[in-house]
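1. could you work out the structure for the sequence below:
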Amino acid sequence: MSELVHTPAELAAARARLTGTVGVVMTMGALHSGHETLLRAAREQADHVLVTIFVNPLQFGPNEDFDRYPRTLDEDLAVCRRAGVDLVFAPSVPDLYPDGAPEIRVDPGRPGADLEGLSRPGFFQGVLTVVLKLLQLTRADLAFFGEKDYQQLTVVRRMVRDLNVPVRIVGVPTVREPDGLALSSRNRYLSPTQRQAALGLSATLRAGAEAAEAGLDAGAVLAAAHRAFGAVDPTVELDYLVLTDPDLEPGPVAGEARLLIAASLGGVRLIDNLAIRLAPRP
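-> The predicted model follows:
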C-alpha cells in the first residue's frame, strides 16, 4: 500500500522511516505506461520507491496548458500501488511554494538555452528549481528520468554535477506505442486524426536513423530526416529538428548522437528523440 503525504513535514516524517536506498520518480501525474517503466526501474534498483506528483506552475508559460493539464490523483495512486511504490508526495502549490513563486531560481545556463529553452522561455528554470527542491525534500539516492524528455534529462544531470547534489540520475529509455508514438501525458489531448498525424514525429526520427545505419554523415542524416518530415501531415507544425552529440554540446557531431524533434498540432506540443550512431569520418 502506497502511503500518501501532502506537506513537506509529512514527507520528512515518512521519509525518515525508509531505510536503505531510496529512488525517486518525479512526475506531474496523469501516469501512463512510460511512467510505469520508470517505476519498475526504480523498484529494481532501489530498496524503496518514492513518487512525487506535482503540476509545477513555474515551468508553464502564460499561453501554455497549466490549467487544463490533467490531474488524475486517484488513478495515479492506483498505478503507484500496482508498481509497489512505498511513498507518494502530492503537494499543493502552497505546500511547495508557501511564500508564492520563489524569487531565487536555478539558472539552466547554456545547456537549457536552446531547443525547448528557446521555444519555451523560463521552462528549464522552472524545471530545475522544482527538481532541486524535490531532491532536497525527498533526500533520494537515485532519481529516474525518461529519455523522452532528453534535454530535461541532460540539464538535470548537469545541475546535479555542477552543484554537487548527492544523487545519481538514471535515464530510462523512451516507451512507445506499438505504432511508434512516444508516450506522453499530452497525447490524451489529440483527436484520432491528430494522433495519426503525430506519428510523423517518430517516422521522421526513423528516417534519420536509417540514413545513419546506411553510413551517411551528419549532414546527410539530418537532410534525410527533414525530407521525411516534408511528407508529414501539414497540420503538424515543426518547431525544431536537430542532430547533436549526446550531451547537447555545440560543434561537429560524430559517433554517438541524438536526433531531436519538437512539433505542435492542434495546440498540442509534442517532443521526441532517438539515439543514433554516425559512421566514423574517413
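
2. I figured residue 81 hits residue 1, correct?
-> Yes - between residue 81 and residue 1 there is a contact under C-beta atoms under 8 Å: 6.5 Å. Where you see a C-beta, it was placed from the backbone N, CA and C, and this is true even at glycine.

3. between the two, who's got more neighbours?
-> Set residue 81 next to residue 1 and count neighbours by other C-beta atoms under 10 Å: residue 81 wins out with 12 against 9.

4. and that one, how far is that from residue 36?
-> Distance of residue 81 to residue 36, computed by C-beta to C-beta, to the nearest Å: 12 Å.

5. low-scoring stretches of the chain, by residue?
-> Counting by pLDDT under 70, the ranges of the chain that qualify are 281-282.

6. at 80 what do you get?
-> 1, 63, 250-253, 280-282 (pLDDT under 80).

7. that one: strands as residue ranges?
-> 3-5, 22-27, 48-53, 87-89, 142-146, 168-172, 237-244, 256-265, 268-277 (DSSP state E).

8. run the angle between the third one and strand 22-27 for me.
-> Direction vectors for strand 48-53 and strand 22-27, defined by axes from the mean of the first three to the mean of the last three C-alpha atoms, to 10 degrees, enclose an angle of 20 degrees.

9. okay, the angle between strand 48-53 and strand 142-146?
-> 50 degrees.

10. tell me where this protein has helices.
-> Counting by DSSP state H, the chain has helices at residues 8-15, 33-45, 73-82, 93-96, 116-119, 123-138, 150-162, 192-213, 218-230.

11. tell me which of those sits nearest to residue 107.
-> In terms of C-beta to C-beta, the element of these nearest to residue 107 is helix 123-138, at 6.6 Å.

12. that closest one - contacts with which helices or strands?
-> helix 8-15, strand 22-27, strand 48-53, strand 87-89, helix 116-119, helix 150-162 (3 or more C-beta pairs under 8 Å, 6 or more residues apart in numbering; DSSP states H and E).

13. out of those, nearest to residue 65?
-> helix 116-119 (14.5 Å).

14. what residues of stretch 196-211 count as buried?
-> 197-205, 207-209, 211 (16 or more other C-beta atoms under 10 Å).

15. thinking again about what came up before, in CSV, list the strands of the chain along with distance to residue 110.
-> Formatted as CSV, these follow (distance: least, C-beta to C-beta, whole Å):
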stretch, distance to residue 110
strand 3-5, 37
strand 22-27, 23
strand 48-53, 27
strand 87-89, 31
strand 142-146, 20
strand 168-172, 19
strand 237-244, 13
strand 256-265, 16
strand 268-277, 19
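
16. mind listing what the nearest residue in space to residue 112 that is not next to it in sequence touches?
-> Leaving aside its chain neighbours, residue 112 sits nearest to residue 124 (3.4 Å; criterion: C-beta to C-beta, 6 or more residues apart in numbering). Shown in contact with residue 124 (C-beta atoms under 8 Å, 6 or more residues apart in numbering): 59, 108, 112, 116-117, 151-152, 155.

17. and if you look at residue 215?
-> Contacts of residue 215 by C-beta under 8 Å, 6+ apart are residue 279.

18. now it: how far from residue 155?
-> In terms of C-beta to C-beta, residue 215 sits 32 Å off from residue 155.

19. likewise for residue 37?
-> Distance from residue 37 to residue 155, by C-beta to C-beta: 21 Å.

20. neighbours of the residue nearest to residue 87 when sequence neighbours are not counted, how many?
-> The shortest distance from residue 87 to any non-neighbouring residue, by C-beta to C-beta, 6+ apart, is to residue 50 (4.6 Å). Other residues near residue 50 come to 30 when the count uses other C-beta under 10 Å.

21. before we move on, what about the one 4 residues further on?
-> Other residues near residue 54 come to 19 when the count uses other C-beta under 10 Å.

22. contacts only, for the spatially closest residue to it that is not a sequence neighbour.
-> Counting by C-beta to C-beta, 6+ apart, the nearest residue to residue 54 once its immediate chain neighbours are dropped is residue 91, at 5.7 Å. By C-beta under 8 Å, 6+ apart, residue 91 lies in contact with 6-8, 52, 54.

23. let's go with 10 Å and repeat that
-> Neighbour list for residue 91: 5-8, 10-11, 52-54, 97, 134, 137 [criterion: C-beta atoms under 10 Å, 6 or more residues apart in numbering].
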